[in-house]
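[1] Predicted model follows, preceded by the sequence.
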Amino acid sequence: MSDQVVAAKASEHAASRAALMKLLFFAATLAILPISSYFLTEKYVWSGNSNYAAITAICAANIVLIAYIVVSVMEDNQSFKEAEKKKLSETKKER
């Protein structure tokens with residue numbers, strides 16, 4: 001195998017590992033944050049009103065989901081720009 005193939009496979013493996021770690025982080029946050037916000041706000045903020053605490057938990061879950069979407073879109077845009085730069089530099093090399 002050439003050095004370029006090895007480097008490409010290593011880069012691909014690192015990118016997939018980073019994506020997996022990001023997914024695990026957001027999954028853990030999605031599991032912990034709404035539950036903890038429900039119980040904490042029910043006890044300390046809303047004085048036992050479970051309806052308002054549930055709304056708070058729903059908002060926390062939605063914030064985590066929106067954050068995941070934003071991070072994913074930003075990562076996708078970044079990889080698209082890197083691919084365009086690579087394509088442009090290869091085009092310049094061929095000339």
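    Cool, got the structure.

[2] all helices of the chain, in order?
    3-40, 50-94 (DSSP state H).

[3] Now do the buried residues in stretch 32-45.
    Using 16 or more other C-beta atoms under 10 Å as the burial criterion, the residues of stretch 32-45 that qualify are 34, 37-38, 41-42. C-betas here are computed from N, CA, C, even on glycine.

[4] what's the farthest-apart pair in these?
    Longest distance between any two of these is 12.2 Å, between Pro34 and Glu42; criterion C-beta to C-beta.

[5] Could you find the closest non-adjacent residue to Tyr38?
    Ala57 (3.8 Å; C-beta to C-beta, 6 or more residues apart in numbering).

[6] follow-up on the earlier one: just put the buried residues of stretch 32-45 in CSV and tack on pLDDT and distance to Asn77.
    CSV is the format used below for the buried residues of stretch 32-45 (pLDDT from 0 to 100; distance: C-beta to C-beta, whole Å):
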residue, pLDDT, distance to Asn77
Pro34, 97, 28
Ser37, 97, 30
Tyr38, 97, 34
Thr41, 97, 35
Glu42, 96, 39
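
[7] What is the nearest of those residues to Leu65?
    Of those, the one sitting nearest to Leu65 (C-beta to C-beta) turns out to be Pro34, at 10.4 Å.

[8] In the protein, what helix or strand scores lowest on average pLDDT?
    helix 3-40 (a mean of 81; mean pLDDT, DSSP states H and E).

[9] circling back: which one of the buried residues of stretch 32-45 is nearest Val73?
    Once C-beta to C-beta is applied, the member of those that ends up nearest Val73 is Pro34, at 22.5 Å.
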